[in-house]
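Trainee: Pasting the sequence and the predicted coordinates here, then a few questions.
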Amino acid sequence: MTGDERAIRDLVDTWMSASIAGDTEKVLSLMTDDVVFMVPGQEPFGKAAFAAASAAQPGMRIEGSADIVELKVLGEWAFIRNFIDITVTPPGATQAVRRAGHTLTLLRKDTNGRWLLTRDANLLTVKA
């Protein structure tokens, strides 16, 4: 495994642990300013909308995992295919919502050599 591949795997691990911990600032630091997220049923959105949605859900409990299925580094760009399985419990809710599915994520190395998420197509669906 190359250093770039290890750094990308670390980014995915950090993203998941920060999400579980509710550390939105850490998650935001892992994406480019021009990031674009694509999810079913919504218009693509960027970093500001991601931050606003996170701020609107204080106390949300998240559990889950992300398993990298494929990782390819192409110079200053890379892509990963993940399988993500998360369970989200809103504050005060008695029932959690589980979503699982695949993502296709593009990453870009910044001028400091850090890998950052720059595009993400998220195909998670609600599971019983």
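Mentor: Sure thing, it's come through. Residues are numbered from 1 along each chain as shown.

Trainee: List the buried residues of stretch 56-63.
Mentor: Ile62 (16 or more other C-beta atoms under 10 Å). Yep, even glycine has a C-beta here, placed from its N, CA and C like the rest.

Trainee: and that stretch, how far apart are its ends?
Mentor: 18 Å (C-alpha to C-alpha, to the nearest Å).

Trainee: what's it in contact with?
Mentor: 19-20, 22, 86-92, 96 (C-beta atoms under 8 Å, 6 or more residues apart in numbering).

Trainee: Let me know the closest of the residues you listed to Gly3.
Mentor: Ser19 (24.5 Å; C-beta to C-beta).

Trainee: hang on, that closest one is in a helix, isn't it?
Mentor: Yes: counting by DSSP: H, G, I helix; E, B strand; the rest coil, Ser19 is part of a helix.

Trainee: what sits against it?
Mentor: 27, 62, 64, 86.

Trainee: swap the cut-off to 6 Å and go again
Mentor: Residues in contact with Ser19 (C-beta atoms under 6 Å, 6 or more residues apart in numbering) are Ile62.

Trainee: give me the element Gly41 is part of.
Mentor: Assigned by DSSP states H and E, Gly41 belongs to no helix or strand.

Trainee: Distance check, it against Ala51.
Mentor: 20 Å (C-beta to C-beta, to the nearest Å).

Trainee: Compare those two (neighbour count), which wins?
Mentor: For Gly41 and Ala51, the more surrounded residue by other C-beta atoms under 10 Å is Ala51, and the numbers stand at 15 against 4.

Trainee: Given the helix or strand bottoming out on mean pLDDT in the chain, what are its sheet partners and their directions?
Mentor: Ranked by mean pLDDT, DSSP states H and E, the helix or strand of the chain with the weakest confidence is strand 125-127, at a mean of 90. Applying DSSP bridges, strand 125-127 is found paired with strand 97-109 (antiparallel).

Trainee: if we look at the strand it pairs with, which residues are touching it?
Mentor: 76-88, 115, 117-127.

Trainee: Which of the three states applies to the residue of the chain most remote from its centre?
Mentor: Centroid-distance maximum for the chain: Thr94 at 25.3 Å, with C-alpha atoms, centre = their mean. Recorded secondary structure, Thr94: coil (three-state DSSP).
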